[in-house]
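J.: turn this into a structure:
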Amino acid sequence: FNLVFYNCKIKRGDIMLDYKVKIGLVPMRRNTTNRPAKTFLTWVSAEERGHRFVDYIEKNFKSENVTFTDSKGLGCSDLIFDDKSAAELVERFKAEEVDAVVIINCNFGNEEAAADIAKALGKPVLLWAPLDDEYYKDGMRPTDSQCGLFGVSRQFQRYHIPFSHLPCCRVESDEFKAGFDSFVRVACMVKNFKGMRIGQVGTRPAPFFSVIWNEGELMEKFGIKIIPINFAIIEQRMKTAETDYADEIAEYEQYFLTNYELDDLTPKYIKPMATMTAMYKHLFEEFNLDVLSAECWTATPVMFDGLAPCALYGLLNEMGLMVSCESDIHCAMTMALLRCATLGKGRPLFGEFTVRHPENRNAELLWHCGPFPVSEMAEGTKARLVNQRAWLRGRDGEYTVARIDQEHGDYMVLPLICRTTEGPHTHGTYIWGEFENLQAVEDRLLDGPYIHHFVEMRGDYRKEIKEFCKYFPNLKVDETIK
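T.: Presented below is the predicted three-dimensional model:
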């Protein structure tokens, strides 16, 4: 399976979601008197551990998505231990614009300084105590790293500071690697969610009361801004796009011709589809959008002589420009959230609960008209364009299935898990997803506040969604279905 994509992937620049995360590393020790080596809560042991842990993390976890700022040159031998060193660290981290903080208890830590740092920065914070594994023959030990966690966490609770934590483990362990990776993903989700800019193209389809949202609440609770873009703007931008973006349009035309089999109704629409793709891409840039929600199948064909936008949404998704169908703002938020959980590597699918499997009582058709990207097509299959709509089956595997919604001002996110299974061939873009207990899922959706629109992302991100919700007290994770 090879996707011929040409040069359609665009760089983020100053628009769209930012999947790069800068982590501030904070090695800490107890503010005690200096004691001889190989006694209790020694400076020398804490300093050795702090340097070793910071060096290991920076060397082994730096990537294209993750960079670090540390405490070198501050405190006592780079360890933060009192009010003064904490204040200096806060100043550095603010200047460096860190996105999250990792507190490392190198012997016991310092709950006052840790809480001051976390409160001043207001960023996601991870508490970690390395395993206390050094003991001497005379019964002494140099560290009580885990013990200090309880002091730090209690101070955080008094300050109402949300936090994540890792079990006590060695920094070289798989447990640390998995936990640190998960925290980075949560940090990416948090940094992009608050203050997100969502474009709203057109109004909702008239019969779709189910997708109503509250613009004022989204701004008050999450700092999310809805940017309205009416169809007069879309019409005007389409008139100039063909000449303004001719080279891009030619690439997008070739994309559709190369990656799909075409029926006899679609060829005349290839250039308009490519033109609308370019128009939407530049709409993201012009209005500085992170994600977009659009009225689609009732307005676009009327405005543009039968043009359907379904498949071009899939191409935009390939480029990292997500568009939720049918004016579903809450689904747009969920698409952005799940893509951030993958650090921009995954492509969210807009697939709704549609019909039950005719034979498997726990399997459901997660389907929509045609917005899945070709890169998420099942291996060994082909993609078709049927009257401009993509027909393809999504990749096999495990999927997180999630939706953000609200009732009476209470916002919730329901994270589910399914695995693909065999099912009848059908039109549009789809997967057949098998749940552990589909009836429980159906009952939960019917009880509300959820509707049939959900977002699917390959991989299990339920843990990250749960941790993410810690940092948004106005958004609760729905754990009624395990």
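
J.: ok, Ala95 - how many residues close by?
T.: Neighbours of Ala95 under the rule other C-beta atoms under 10 Å: 9. Where C-beta positions appear, they are placed from N, C-alpha and C, glycine not excepted.

J.: tell me the secondary structure of the most centrally placed residue in the chain, please.
T.: When C-alpha atoms, centre = their mean is applied to the chain, the residue found nearest the centroid is Cys340 (2.2 Å). Per DSSP: H, G, I helix; E, B strand; the rest coil, the local secondary structure of Cys340 is helix.

J.: Met333: helix or strand, and which one exactly?
T.: Following DSSP states H and E, one finds Met333 within helix 329-341.

J.: now the helices for the stretch 1-150 of the chain?
T.: With helices called from DSSP state H, counting those that start in this stretch, the stretch 1-150 of the chain shows them at 43-61, 83-96, 111-121, 145-158.

J.: out of those helices, nearest to Glu318?
T.: helix 43-61 (28.3 Å; C-beta to C-beta).

J.: in the protein, which residue sits furthest out from the middle?
T.: The centre of the chain is farthest from one residue, Asp138, which by C-alpha atoms, centre = their mean lies 50.4 Å away.

J.: which residues touch the nearest residue to Ala113 once chain neighbours are set aside?
T.: Once flanking residues are discounted, Ala113 sits nearest to Ala86: 3.9 Å by C-beta to C-beta, 6 or more residues apart in numbering. Residues counted as contacts of Ala86 (C-beta atoms under 8 Å, 6 or more residues apart in numbering) are Ile80, Asn110, Glu112, Ala113, Ala114, Asp116, Ile117.

J.: 7 Å instead, please
T.: Neighbouring residues of Ala86 by C-beta atoms under 7 Å, 6 or more residues apart in numbering: Ile80, Ala113, Asp116, Ile117.

J.: between these, which is nearest Phe468?
T.: Taking C-beta to C-beta as the measure, Phe468 lies nearest Ile117 of the contacts of Ala86, at 21.1 Å.

J.: quick one: that closest one and Glu88 touch, right?
T.: No: in this structure, Ile117 is not within contact of Glu88 by C-beta atoms under 7 Å, at 10.3 Å.

J.: now, among the contacts of Ala86, which is nearest to Arg419?
T.: Ile117 (41.9 Å).

J.: how far away is the residue lying closest to the closest one once chain neighbours are set aside from Val98?
T.: Closest residue to Ile117 apart from its sequence neighbours, by C-beta to C-beta, 6+ apart: Ala86 at 5.2 Å. Separation of Ala86 from Val98 (C-beta to C-beta, to the nearest Å): 14 Å.

J.: one more: Lys470?
T.: Here Lys470 is placed at a distance of 18 Å from Val98 (C-beta to C-beta).

J.: of the two, who's got more company?
T.: Neighbours per residue (other C-beta under 10 Å) separate Lys470 from Val98, with Val98 holding more: 21 against 15.

J.: give me the low-pLDDT residue ranges for the stretch 251-400 of the chain?
T.: Across the stretch 251-400 of the chain, nothing is flagged by pLDDT under 70.

J.: just the helices in it please.
T.: Under DSSP H, counting those that start in this stretch, the stretch 251-400 of the chain gives helices at 270-286, 300-303, 310-318, 329-341.

J.: what's the neighbour count on Val184?
T.: Other residues lying near Val184 total 23 when counted by other C-beta under 10 Å.

J.: check which helix or strand it maps to.
T.: Secondary structure assignment for Val184, by DSSP H and E: helix 174-193.

J.: how about that helix as PDB, C-alpha atoms only?
T.: C-alpha atoms of helix 174-193 as PDB (Å, rounded to 0.1, in the frame of the first residue of the first chain):
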ATOM      1  CA  ASP A 174      10.000   0.700  30.200                       C
ATOM      2  CA  GLU A 175       7.500   1.900  32.900                       C
ATOM      3  CA  PHE A 176       9.100   5.300  32.900                       C
ATOM      4  CA  LYS A 177       9.300   5.500  29.200                       C
ATOM      5  CA  ALA A 178       5.600   4.700  28.800                       C
ATOM      6  CA  GLY A 179       4.600   7.100  31.500                       C
ATOM      7  CA  PHE A 180       6.700  10.000  30.200                       C
ATOM      8  CA  ASP A 181       5.500   9.500  26.700                       C
ATOM      9  CA  SER A 182       1.900   9.500  27.800                       C
ATOM     10  CA  PHE A 183       2.500  12.800  29.800                       C
ATOM     11  CA  VAL A 184       4.000  14.400  26.700                       C
ATOM     12  CA  ARG A 185       0.900  13.600  24.800                       C
ATOM     13  CA  VAL A 186      -1.300  15.000  27.500                       C
ATOM     14  CA  ALA A 187       0.800  18.200  27.600                       C
ATOM     15  CA  CYS A 188       0.300  18.500  23.800                       C
ATOM     16  CA  MET A 189      -3.500  18.100  24.200                       C
ATOM     17  CA  VAL A 190      -3.700  20.700  27.000                       C
ATOM     18  CA  LYS A 191      -1.600  23.400  25.200                       C
ATOM     19  CA  ASN A 192      -3.700  23.200  22.100                       C
ATOM     20  CA  PHE A 193      -7.100  22.900  23.600                       C
END
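
J.: quick one: average confidence on it?
T.: Averaged over helix 174-193, pLDDT sits at 98.

J.: cool, stretch 100-117 as well?
T.: 94.

J.: what's the answer for stretch 471-482, then?
T.: In this model, stretch 471-482 has a mean pLDDT of 94.

J.: list the buried residues for it?
T.: Neighbour-count burial for stretch 471-482, with 16 or more other C-beta atoms under 10 Å as criterion, is recorded at Tyr471, Phe472, Leu475, Val477, Asp478, Ile481.

J.: how about the fifth one, what does it touch?
T.: For Asp478, the contacting residues are Met412, Val413, Leu414, by C-beta under 7 Å, 6+ apart.

J.: what about 6 Å?
T.: For Asp478, the contacting residues are Met412, Leu414, by C-beta atoms under 6 Å, 6 or more residues apart in numbering.

J.: with neighbour numbers in mind, choose between Ile117 and Glu88.
T.: Ile117 (25 against 15).

J.: and that one, how far from Arg185?
T.: 22 Å.

J.: you'd agree Tyr136 is up against Phe40?
T.: No: Tyr136 lies out of contact with Phe40 (C-beta atoms under 6 Å); the separation is 9.9 Å.
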